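Peer 1: The sequence isn't on hand, but the structure is:
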Ligand code: SF4
């Protein structure tokens, strides 16, 4: 965010708090007082990293914040963001959402630096343009950005300028808002709501919005490309109270449940969501079928998303802490269990077993997205194909593995229709295998840490 006479770090803190669901490994804020950039970041949740004392020491009216969910580089302090690069009397700080697909090529081009993430490599490439060609931040970005391939939504700042960037495919969202004479960019509109800021517009794929003393202006540094917004933003990533391409995410998820009910009805007594991500689709399914909705699983509100934590051991442990079935609701019932997706399947299998132990007589599993069969290279850490339950398995085989009476996934056409924005180009690679860019055939998220 950029304004005048504002406590930018405090406002950014509240924005990060609203976007905590996008990453829980580390949190950070960089702030400029017009002359110097200060960066404070640490491992943990936003509320664990920042307190009044820390924020009081981060004075200035230009700030960038980040919460990390790692897709390149391990979960450690050195890889937390914003990435900062000192440049004489200036400096740049960069926050990145997404994942590059040409990290190895970029590492070769940037030369020998101690980078362990794609985000550091991007920062280095921008800094090189600034130092070697004596360019300002806007000019350096316009030159460096076309070197990057894959998914990169960026918030970048120097001591005086804030820049928001969406890669030419626009895999990840970014919006522009205003709060008096302060300009705000954020991944989701919910962050604007929490600040009391007014939504101005989505930043377009391939657009770079530069915010300086004159306010915002747009630059388009990339060759034109097809828009490929991540379809999983609608299914899973985004907050239900966010608006994306004019559509409220909660309403879209309800639509998904209604489409699923039409496509795969079940003879059952109750519809139970897997909270929280399965709730709107279960509501839609219940409304469309007339089967009563029941909160048969209770979520501990203070445990984060199990799926987003990288280590398998943490995920296995996480499900038991997170969800508790209620026998009073489930015993003797034929249950339609609704979730938004199945990636690895281990969590779902445990969940099914817990619902069965609570007394359900039949479990009909309904998933409000198609089978997740291909790894994501654009910002979702799903590992390789061997970790994906649906890769190479038929629906009947998956049903058998999960031990449910019936299983159905929402078809891709129904999912896109449910978004209400079918004209928007979507990335569907993890569901269809159709990758919109070249993807790496070698290497993994630790590529730079081994080199
Ligand atoms: S592969 Fe799937 S999760 Fe990754 S960007 Fe594409 S739609 Fe989203």
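Peer 2: Arrived safely. Nothing here was measured: the structure is a model prediction, and the numbers come from that model.
Peer 1: From now on I want contacts and neighbour counts done on CA atoms only, so please keep to that.
Peer 2: Noted.
Peer 1: Now do residue 54 against residue 195, distance only.
Peer 2: Relative to residue 195, residue 54 is positioned 20 Å away (CA to CA, to the nearest Å).
Peer 1: Among the two, which residue is more densely surrounded?
Peer 2: Neighbours per residue (other CA atoms under 10 Å) separate residue 54 from residue 195, with residue 195 holding more: 18 against 13.
Peer 1: where exactly do the strands run in the stretch 51-200 of the chain?
Peer 2: For the stretch 51-200 of the chain, applying DSSP state E, counting those that start in this stretch gives strands covering 62-68, 83-87, 90-97, 153-157, 162-166, 175-179, 182-186, 198-202.
Peer 1: any idea how far the first one is from the chain center?
Peer 2: Right, the one you point to is strand 62-68. The gap between where strand 62-68 is centred and where its chain is centred comes out at 15 Å by CA atoms, centre = their mean, to the nearest Å.
Peer 1: Now do it: which elements does it pack against?
Peer 2: Contact analysis of strand 62-68 by 3 or more CA pairs under 8 Å, 6 or more residues apart in numbering; DSSP states H and E lists helix 8-18, strand 26-32, strand 90-97, strand 153-157 as its packing neighbours.
Peer 1: Apply 10 Å and report the result again.
Peer 2: helix 8-18, strand 26-32, strand 37-43, strand 90-97, strand 153-157, strand 162-166, strand 182-186 (3 or more CA pairs under 10 Å, 6 or more residues apart in numbering; DSSP states H and E).
Peer 1: what would the ones you listed look like in TSV with distance to residue 431?
Peer 2: Converted to TSV, these look like this (distance: least, CA to CA, whole Å):
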stretch	distance to residue 431
helix 8-18	28
strand 26-32	29
strand 37-43	32
strand 90-97	21
strand 153-157	22
strand 162-166	23
strand 182-186	27
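Peer 1: Output those in a markdown table, with mean pLDDT, mean neighbour count and distance to the ligand appended to each entry.
Peer 2: Converted to a markdown table, these look like this (pLDDT from 0 to 100; neighbours: other CA atoms under 10 Å; distance: least, CA to the nearest ligand atom, whole Å):
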| stretch | mean pLDDT | mean neighbour count | distance to the ligand |
| --- | --- | --- | --- |
| helix 8-18 | 97 | 23 | 21 |
| strand 26-32 | 97 | 28 | 21 |
| strand 37-43 | 96 | 21 | 24 |
| strand 90-97 | 96 | 24 | 11 |
| strand 153-157 | 98 | 27 | 12 |
| strand 162-166 | 98 | 27 | 13 |
| strand 182-186 | 98 | 25 | 18 |
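Peer 1: out of those, nearest to residue 126?
Peer 2: Between residue 126 and those, the shortest gap by CA to CA is with strand 90-97, which sits at 8.7 Å.
Peer 1: Show me what the closest one pairs with in its sheet, parallel or antiparallel.
Peer 2: strand 83-87 (antiparallel), strand 153-157 (antiparallel) (DSSP bridges).
Peer 1: for residue 226, what are its contacts?
Peer 2: Applying CA atoms under 10 Å, 6 or more residues apart in numbering, one finds that residue 226 lies in contact with 168, 169, 170, 205, 206, 424, 425, 426, 427, 436.
Peer 1: again, but for residue 27
Peer 2: With contact taken as CA under 10 Å, 6+ apart, residue 27 is in contact with 13, 16-17, 20, 40-50, 65-69, 77, 80-82.
Peer 1: Report the beta-bridge partner residues of it.
Peer 2: Counting by DSSP bridges, residue 27 is bridged to residue 42, residue 67.
Peer 1: Make 33 the first number, not 1, from now on.
Peer 2: Okay, residue one is now 33; in that scheme the one you just asked about reads as residue 59.
Peer 1: Look up how far residue 398 lies from it.
Peer 2: The span separating residue 59 from residue 398 equals 35 Å under the rule CA to CA.
Peer 1: and the gap between the residue lying farthest from the centre of the chain and residue 177?
Peer 2: Ranked by distance from the centre of the chain (CA atoms, centre = their mean), the top residue is residue 364, with 38.1 Å. The gap separating residue 364 from residue 177 is 59 Å, by CA to CA.
Peer 1: quick one, phi/psi of the residue of the stretch 33-182 of the chain found nearest the ligand?
Peer 2: With distances taken as CA to the nearest ligand atom, the stretch 33-182 of the chain approaches the ligand most closely at residue 130, which sits 8.4 Å away. Main-chain torsions, residue 130, degrees, to the nearest 10: phi 130, psi -160.
Peer 1: what about the nearest residue to it once chain neighbours are set aside, helix or strand, and which?
Peer 2: If you skip the residues right next to it in sequence, residue 130 has residue 411 as its closest partner in space, 4.2 Å away by CA to CA, 6 or more residues apart in numbering. When elements are defined using DSSP states H and E, residue 411 is found to belong to no helix and no strand.
Peer 1: repeat for the one 10 residues further on
Peer 2: In the assignment (DSSP H and E), residue 421 maps to no helix and no strand.
Peer 1: Residue 407 is in contact with that one, correct?
Peer 2: No - using CA atoms under 10 Å as the test, residue 421 is too far from residue 407 to be in contact (11.2 Å).
Peer 1: Common neighbours of those two, please.
Peer 2: Going by CA under 10 Å, 6+ apart, residues that sit against residue 421 and also against residue 407 are residue 375.
Peer 1: Skip the chain neighbours and tell me the closest residue to residue 470.
Peer 2: Sequence neighbours aside, residue 133 is the residue nearest to residue 470 in space, at 7.4 Å (criterion: CA to CA, 6+ apart).
Peer 1: how about the one you found, what does it touch?
Peer 2: Taking CA under 10 Å, 6+ apart as the definition of contact, the neighbours of residue 133 are 150, 180-184, 409-410, 469-473.
Peer 1: So which of the residues you listed belong to helices?
Peer 2: Among the contacts of residue 133, the members found in helices (DSSP state H) are residue 150.
Peer 1: Go back to the contacts of residue 133 and keep what's next to the ligand.
Peer 2: Filtering those for proximity to the ligand (criterion: CA under 6 Å from any ligand atom) leaves residue 410.
Peer 1: circling back to that earlier point, got a quick ChimeraX command for the buried subset of the contacts of residue 59?
Peer 2: Of those, the buried ones go into a single ChimeraX selection, burial set by 16 or more other CA atoms under 10 Å:
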select :45,48,49,52,72,73,74,75,76,77,78,82,97,98,99,100,101,112,113,114
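Peer 1: ok, the contacts of residue 258 vs the ligand, which is closest?
Peer 2: Checking the contacts of residue 258 against the ligand with CA to the nearest ligand atom, the nearest one is residue 459 at 4.4 Å.
Peer 1: Residues contacting the strand or helix carrying residue 428, please?
Peer 2: For residue 428, the host element (DSSP H and E) is helix 427-434. The list of residues contacting helix 427-434 from outside it, by CA under 10 Å, 6+ apart, reads 377-385, 396-397, 403, 421-426, 435-441.
Peer 1: Thanks a lot, catch you later.
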